[in-house]
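Enquirer: return a 3D structure for these sequence lines:
(chains A, B, C and D)
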Amino acid sequence: MTTTSLAAAASTGEAVQFWILGTVAVIGALCTILMRRAVHSALSLAGTMIVLAVFYLANGAYFLGIVQIVVYTGAIMMLFLFVVMLVGVTAADSLKETLKGQRWLAAACGLGFGILLIAGIGNASLRHFNGLGEANAGGNVQGLAALIFTKYVFAFEVTGALLITAAVGAMVLTHRERTEREKTQREQSEARIREGKQIPPLPAPGVYARHNAVDVPGLLPDGTPSELTVNPTLRERGQIRDVSGAALDELKALEQRSEERLGRSEEAKR
Amino acid sequence: MSFPLLTATAAVPAIGAIATAAVPAARRTAAKWLALLFSLATLVLAAVVAVRFEAGAKGPFQLTESHSWIRDFGVRYELGVDGIAVALIALTALLIPFVILAGWHDADPLEAPAPNRRWRPTQGFFALILAVEAMVVISFEATDVFLFYLFFEAMLIPMYFLIGGFGDRAGADGEERSAKLRSQAAVKFLLYNLAGGLIMLAAVIGLYAATADQLGSGTFSLTEIVQARADGKLELGTGTERLLFLGFFFAFAVKAPLWPLHTWLPGAMGESTAPVAVLITAVVDKVGTFAMLRFCLQLFPEASSWATPVILVLALISILYGALLAVGQRDIKRLVAYASISHFGFIIMGIFAMTSQGQGGATLYMVNHGISTAALMLVAGFLISRRGSRLIADYGGVQKVAPVLAGTFLVGGLATLSLPGLAPFVSEFLVLVGTFSRYPAVGIVATVGIVLAALYVLVLYQRTMTGPVKAEVRTMPDLKARELAVVAPLIALLLFLGVYPKPLTDLVNPAVDHTLSVVDRHDPRPDVAVKADAEAAK
Amino acid sequence: MNPVNYLYLAALLFTIGAAGVLIRRNAIVVFMCIELMLNACNLAFVVFSRMHGNLDGQIIAFFTMVVAAAEVVVGLAIIVSIFRTRHTASVDDASLMKL
Amino acid sequence: MENLIALLVAAPLAGAALLLCGGRRLDRAGHWIGTLLALGSFALAVPLFTELLGRDAEHRTLHQHLFSWIPVGGFQADVAFQLDQLSMTFVLLITGVGSLIHIYSIGYMEHDERRRRFFGYLNLFLAAMLLLVLADNYLLLYVGWEGVGLASYLLIGFWQHKPSAATAAKKAFLVNRVGDVGLSIAIMLMFTTFGTFAFGPVLGAAGETSEGKLTAIGVMLLLAACGKSAQVPLQSWLGDAMEGPTPVSALIHAATMVTAGVYLITRSGAIFNGAPDAQTAVVVVGAVTLLFGAIVGCAKDDIKKALAGSTMSQIGYMILAAGLGPIGYAFAIMHLVTHGFFKAGLFLGAGSVMHGMNDEVDMRRYGGLRKYMPVTFITFGLGYLAIIGFPGLSGFFSKDKIIEAAFAKGGTEGWILGGAALLGAAITAFYMTRVMLMTFFGEERWRKAPTPSPAEPSVEPAAETRGEYTPPHPHESPRSMTIPMILLAVGSVFAGGLFSINEAFVTWLEPVTSVDHGHPPLSASAITTATIVVMVLGVGLACLQYGRKPVPAVAPRGSLLTRAARRDLLQDDFNHVVLVRGGGELTRALVQLDHSVVDGAVNGTAASMGGLSGRLRQAQNGFARSYAVQMLGGAAVLIAVTLLMRGV
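Expert: Predicted coordinates:
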């Protein structure tokens, strides 16, 4: 779209776009707060953000629109997803309220707040719009750059410092300092021997099944699943996909078929 | 720019406080001597102030210093003294060395400190005393309302720790309980005074707003405001002025303390050690009455006149009530505390009698009461430290085993009942005359206080010092050299000021006259003179 | 259509986000809601910049994004470490503000 | 010459300072120093007296201005002395009798380890008393006034280990303090009325103000006089004051201090002359007291208390005379002086008796002592004759004049007052005779062991009655004690006569106390004869009751009046019930009030605050989300406020 299209009164096209995407955005937001699983929240939030990106573009903030998509939807939301994975995708927290009266208070405050906000906007005299025509004349990015590196250069620098600090902080928070020297393989094996239980290395998952997914436990010769074979984290979350039942059925079928074949062959001998 | 004498007078004890606090824990004695040294240096400076001050000179304040401090709010670092301030600074600087000397061993760590006994850092004790001195001195000097308010409030912090942190060794009840009572008393002291202070803060801000409103640029300077009011540049509405006055007066009445805002005093004085008690009643409380004279009257003349009747009645109640309760006390220190309440009633009555005798007397009263209470209280402290009990009933016949102690105690008591020949008589009589000449009824009722004073002092003396010697008292040693060195000068001073108070009156009179001229009240003329005028007119 | 509607939308989104913060217990979701609120603000900024015809609003929005990024990084790190120690990401379980 | 006046006060003051601050190292020489300084003060007084005599009557007033004491605004108090005939009389009496009693005390207090302090106090008293009579303004007089009060407090309570002594001292000081309030109010009135309180201006301008003011001042002065001179209704302390050592009773509570009230009223004559109502009050007080004291004196078995009662009544005479105005002032002072001699003599005699009877004070334990202590007997006897107004002795002249003056008041008033005075004279004769007989005549009751009597609580039997009773060995007192007694006896014999030789004393005092001779309805001779007659009656009555039949060793129950009189006519009981107990209740109630109401209000506020905060802290549940709710709510409120501000 051209800079001229950013006059005070928005075009009909923009109106249509606003009403459609706006609805989407709101729905996305509602999903964000109502979905029981974090993943779904994250995804619906991403949706809302993309819609917002579009709105940015529509408002002549081309650079911001792109940044919104790249940084937010691309980076930040992915970061969210990573953490969600780390904490547990399937873990769905109950929406049942534990704090007494919290929900009502929240509803009341939120509602009142929103109403007040909208009322404020409503009676603010925002009739007159002068678009970004001349502001974006030299190109939006150039305009921003000019401002950032002249007027807001100090804030810019500070923000940079903030980012670095944040990065370092994240590292510090997540990084665990080793309290003792890492054990050599020899020491580990010796320790194992000394403990006496589970001397050989842990069995790999899915050995006896025709599976090789980490969340599927290996089956013992009698076909029962062995917890040992699964990563303890998954075990804790109870995210073990127990396939032992299916596997046993398959095994039975296999034996039957093989018997049939063997039986035939015996008859042939006589 | 001459040598900032007033700043120095306040700064020396402040530095002393820091230095004393910095002395390593092991060197307790060194800390004591250091504190004593600094207090004496302050005394010297105060003497210099008194000498450099010319009583007759023009202008309300002398030795003034003025620097801009918080420009945006017109807060200035303004110091200046009038005769009243000089007298009180001298009193403070004079008493502190005795307080330190009297409390020489009060803050010594108890030998073999048991777990339930708190370690009492000597350094802290003396540093706090010096800190209090510094703040008191500067609030006597401050002519900027905000500056005054600052230190008026800041004073509470060291006082709080002095009251709550250091008590008599092993009171009649165990250390545990006395410690609890002590902290309660300290909290009460703090809360009372903070409440007063906050109300005053509101009034201070209100005053500033008024000045900012009408003078263009807001100011806290006493002289400027008084001047502006005199010139009619600054017109406070009647209602406003009265509210502001009440705001100021409330704080001062709590500090003074005036009935019914007095109940913090007996606790604070009863639970703290004798030197601290002296510090409270003889030095810190004086700031309240002093501020009534300097700020309430000069800033709000009309309101002061408006409030006079009520205040006089309250003062009267304080006099009689305090005296009666003193009679009823069973605890020596609390008795002295209630006696002080009665005396503060006299002071306030004198201030608001609005006569030169009344206010001059009130100022002398502040000084004399400081000295006399110090004498009585410190001797009582020595007595209590010997027997380890504050209850009057635990004593008896001390006079026989420790005559010097009893004698000094008696002199202190006689000063408290303002016997002629001792300093307090002069001031008390002046206050009475000053009040009587304008409000005869009030003056007459107040004289009842004289009789009651005799009653509680003599009853106290009779029960503790005379009669058959109690068994616990039999081995009581007489005053030691250090204690005598504390009491003797005080008594000498009491005698001197009782016989020749002229230096003090010469110092005070001009200031009082100035105050009265600001308030625009004049002494009533005697009938005969009036009649003579009438004849002359005919 | 009047671009003011964008502002209404922003207000709505902001309120929804706030409500989310209040009712969700999962720290991650709470964070998302905060992001939502920030975005709502950004939208408002952008619209304002259009309204006044200069780019300062967008600059602010830009800074907001950067700060949000930083905040998310640190916040998520905190969540992770909390999860490590307490095996939960519920904000209610971390009621350490009460002594 | 003027400059010596200050020395009069300074000498004993220095003595007091020296002895009280000197410490133990002065113990040995203390009493000599004290006595010497007292004598020195007397030695100073004599040349001053001659100086005054040398001048002519109008210029017999010396002034000495030391320094300005309290200058505040219109309030100008100076330390300045005025020595005129009135003051001079007192100075001689005080220093003279004082010195004698110092000498007497050397012997009397010989065995007391705190003798140095005793002399210190005595000197202090002398200084204060001299200040009182030498001051030239009422405020300085007030200083002396309270100073003597202090000295008497210290001396009454000198034997502090005795609770009774300590209590008596406290009582004396308190009752005096009540009087002092009167004096201070009087001074304030003077200041507001005349703008000054120096004798000259005030008395000079007395005429220029309203009678009401003068009456007020006069009544207040009278109150002060009542306190100091033990006049009804403030007399209750004098009886107990006998707890003090006998020399003290002689000096302070007989000769000098208690007469300060008379001095005050005489000195303020100008004021009273202008206020007849005040004068009436004075004479009433005087008359009542002289009867009151006399009656009490009849009932007491404690010799000192009996004498105390007599002192009271004699001072009643003086006050009465002073209240009569110019007719009486001079005679009041004259009686004061003669009384100073003979009463001091009597007390010293009593002291010497007690000294010989190892401190027994109950006259019922005396008897027939005349042959054991002749000197005491003779001196005491002369004093006795003097006080009952035996013709020719000093008491006769002074008292007779007062009675005349009382009649001369004129009208029924005159008759009443004169009658009272006569009656008083009769009773005086009665009880003094009683004392005389019970002590020096009759059987020697002290030989038998005493039986402690329930009827008379005030008498504590001396030497322990436990075990077998060892009777005392009455003996004459040492020289140091007898000599003063002799001198005083001489004084009490001749003083009155000397003064009356062509009215030397009256003319001497005239310039100060304007004298006018009233005209009694009866001729002077008639009154004199009447006086003698009633005196003889009283003596005769006493002889009948105590001379003829033996005196019971234990006081009989006695009539109602007697029992009342033994209890000081129930005046103490009244005080006890009304003041002591009532006051006690009041203070106790107030202490309660202070704790529960005044303090309680504050504590209540604190408690309620605590409760409120306790409720509030439940909001701080530590859950981040509820904090978030509060934050959002707060934000909402803020927005609402801003919107409202902008007027929605």
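
Enquirer: what packs against the lowest-mean-pLDDT helix or strand in chain C?
Expert: The least trusted helix or strand in chain C, going by mean pLDDT, DSSP states H and E, turns out to be helix C:56-86, with a mean of 88. With contacts taken as 3 or more C-beta pairs under 8 Å, 6 or more residues apart in numbering or on different chains; DSSP states H and E, helix C:56-86 sits against helix A:62-67, helix A:77-87, helix A:140-150, helix A:153-174, helix C:27-52. Using the backbone N, CA and C atoms, a C-beta is placed for each residue, glycine as well.

Enquirer: whichever helix or strand comes after the second one to helix C:27-52, inter-axis angle?
Expert: Which is helix A:77-87. Reading on from helix A:77-87 to the C-terminus, the next helix or strand found by DSSP states H and E is helix A:102-123. Angle of helix A:102-123 versus helix C:27-52, following axes from the mean of the first three to the mean of the last three C-alpha atoms, to 10 degrees, is 10 degrees.

Enquirer: tell me which residues in helix A:102-123 are buried?
Expert: Buried residues in helix A:102-123, counted by 16 or more other C-beta atoms under 10 Å in any protein chain shown: A:102-103, A:105-106, A:109-110, A:112-117, A:120-121.

Enquirer: can you add pLDDT and distance to chain D and give the residues you listed back as CSV?
Expert: Formatted as CSV, the buried residues of helix A:102-123 follow (pLDDT from 0 to 100; distance: C-beta to the nearest C-beta, whole Å):
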residue, pLDDT, distance to chain D
A:102, 81, 6
A:103, 82, 10
A:105, 84, 5
A:106, 85, 6
A:109, 87, 4
A:110, 87, 7
A:112, 88, 5
A:113, 88, 4
A:114, 88, 9
A:115, 88, 9
A:116, 87, 5
A:117, 86, 7
A:120, 82, 6
A:121, 83, 11
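
Enquirer: among those residues, which are within reach of chain C?
Expert: Among the buried residues of helix A:102-123, proximity to chain C is found for A:102-103, A:105-106, A:109-110, A:113-114, A:117, A:121 (C-beta under 8 Å from any C-beta of the partner chain).

Enquirer: can I get the residues you listed in JSON lines with distance to residue A:129?
Expert: Formatted as JSON lines, these follow (distance: C-beta to C-beta, whole Å):
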{"residue": "A:102", "distance to residue A:129": "41"}
{"residue": "A:103", "distance to residue A:129": "39"}
{"residue": "A:105", "distance to residue A:129": "38"}
{"residue": "A:106", "distance to residue A:129": "35"}
{"residue": "A:109", "distance to residue A:129": "32"}
{"residue": "A:110", "distance to residue A:129": "29"}
{"residue": "A:113", "distance to residue A:129": "26"}
{"residue": "A:114", "distance to residue A:129": "24"}
{"residue": "A:117", "distance to residue A:129": "20"}
{"residue": "A:121", "distance to residue A:129": "14"}
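
Enquirer: give the buried residues for the longest helix anywhere in chain B.
Expert: Secondary structure of chain B per DSSP state H: the longest helix is helix B:175-214. Neighbour counts over helix B:175-214 (16+ other C-beta under 10 Å) mark B:175, B:178-179, B:181-183, B:185-197, B:199-201, B:203-205, B:207-208, B:210-211 as buried.

Enquirer: who touches stretch D:54-64?
Expert: Stretch D:54-64 is contacted from outside by D:1-3, D:5-6, D:48, D:51-52, D:80-85, D:136, D:507, D:510-511, using C-beta atoms under 8 Å, 6 or more residues apart in numbering or on different chains.
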